[in-house]
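# model the following, please.
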Amino acid sequence: MNGSPAVTVRGSWIAVLAATAIVASSLMLVALCSERSSRARVGRV
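Model (predicted):
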């Protein structure tokens, strides 16, 4: 059972899901920060 394709596929899927979650969370943080800054600018004006 050494190096069975099923384990490799599962590992790659986990890596893809982890990368997608990291990218999605980072995009959410950037969107929240930009939204807060834009709101602050509007409030100042």
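
# for residue 34, the count of nearby residues, please.
10 (other Cβ atoms under 10 Å). Yep, even glycine has a C-beta here, placed from its N, CA and C like the rest.

# where does the chain dip in pLDDT?
Scanning the chain with the threshold set as pLDDT under 70 gives 1-3, 43-45.

# now do the helices in it.
In the chain, the helices defined using DSSP state H lie at 5-44.

# relative to residue 12, how far out is residue 6?
Residue 6 sits at a distance of 11 Å from residue 12 (criterion: Cβ to Cβ, to the nearest Å).

# and if you look at residue 32?
Taking Cβ to Cβ, one finds residue 32 at 30 Å from residue 12.

# over to residue 21?
15 Å.

# can you check residue 40 too?
Per Cβ to Cβ, residue 40 is found 42 Å from residue 12.

# for residue 5, same thing?
Taking Cβ to Cβ, one finds residue 5 at 10 Å from residue 12.

# between these two, who's got more neighbours?
Neighbours were counted for residue 5 and for residue 12 using other Cβ under 10 Å; residue 12 has more, 10 against 7.

# tell me the contacts of the more buried one?
Applying Cβ atoms under 8 Å, 6 or more residues apart in numbering to residue 12 gives no contacts.

# so what's the residue count around residue 36?
Residues lying near residue 36 (other Cβ under 10 Å) number 10.
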